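Enquirer: Output the structure for:
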Amino acid sequence: MRKLGAARRFAVTGVSVAGLVLATTVFGAVATAEPPAAAPISVVFSMIPDGWADRTDLVPLLQAQADGQAVKSPDAVSEDRKRGTAPQQLQGRIAPDVLAAAVTDARSLVSVDMGIPEGGNKGAALLDFLGATPDQDIHLVNYSPASTDGLSDDQITARHRFADLCRKLLDAFVQNR
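Expert: Reported below is the predicted structural model:
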């Protein structure tokens, strides 16, 4: 009887573990049916301030690679930076999960109309996510980012979403020590 009891406990435990593994596999596959957004190969956030279109010394405010390595140029669009003077370049990192989340946010903005405000071209903000292949690239442009003249509420909301995305990326930068 003792051997049968031990065998029964072993069988019940084995079936329970097998059931747990099977349930985890089945439900895990359902829960992860939508693959997470892959981190881009690189991310580039640039701005062309109003009146700076003729400058040849523009550089991105932020550049990041898939592994998280990043360069931030906090004075890239500073009015105090003289023409021809290279901007400060800080080396650092952005967590790859932040980059992957940013890709998801950017994809949701691709088909959204951010509009072009009345009064002509007053600069631009550009956010580019470059994937492994060109069909994975995401290019977002916000024309005249400081103006909302003549825009609908939906366009203004889209511009805020774009600005929030850019701010998240800039805030996620951690400078190397």
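Enquirer: Does residue 167 belong to a helix, a strand or coil?
Expert: helix (DSSP: H, G, I helix; E, B strand; the rest coil).
Enquirer: This structure: strands as residue ranges?
Expert: Taking DSSP state E, the strands of the chain run over residues 42-48, 62-65, 69-72, 90-93, 124-130, 138-143, 174-175.
Enquirer: strand partners of the fourth one, parallel vs antiparallel please.
Expert: If you go by DSSP bridges, strand 90-93 pairs up with strand 69-72 (antiparallel), strand 174-175 (antiparallel).
Enquirer: which of the strands of the chain sits most buried?
Expert: Ranked by mean neighbour count under mean count of other CB atoms under 10 Å, these are led by strand 62-65, which reaches a mean of 22. C-beta: built from backbone N, CA, C; applies to glycine.
Enquirer: how about a markdown table for the strands of the chain, with mean pLDDT added?
Expert: As requested, the strands of the chain are exported to a markdown table (pLDDT from 0 to 100):
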| stretch | mean pLDDT |
| --- | --- |
| strand 42-48 | 93 |
| strand 62-65 | 95 |
| strand 69-72 | 97 |
| strand 90-93 | 97 |
| strand 124-130 | 94 |
| strand 138-143 | 95 |
| strand 174-175 | 97 |
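Enquirer: and of those, who's closest to residue 117?
Expert: strand 138-143 (7.4 Å; CB to CB).
Enquirer: Give the other helices and strands that the closest one contacts.
Expert: The contact analysis (3 or more CB pairs under 8 Å, 6 or more residues apart in numbering; DSSP states H and E) places strand 138-143 against helix 96-109, strand 124-130, helix 153-172.
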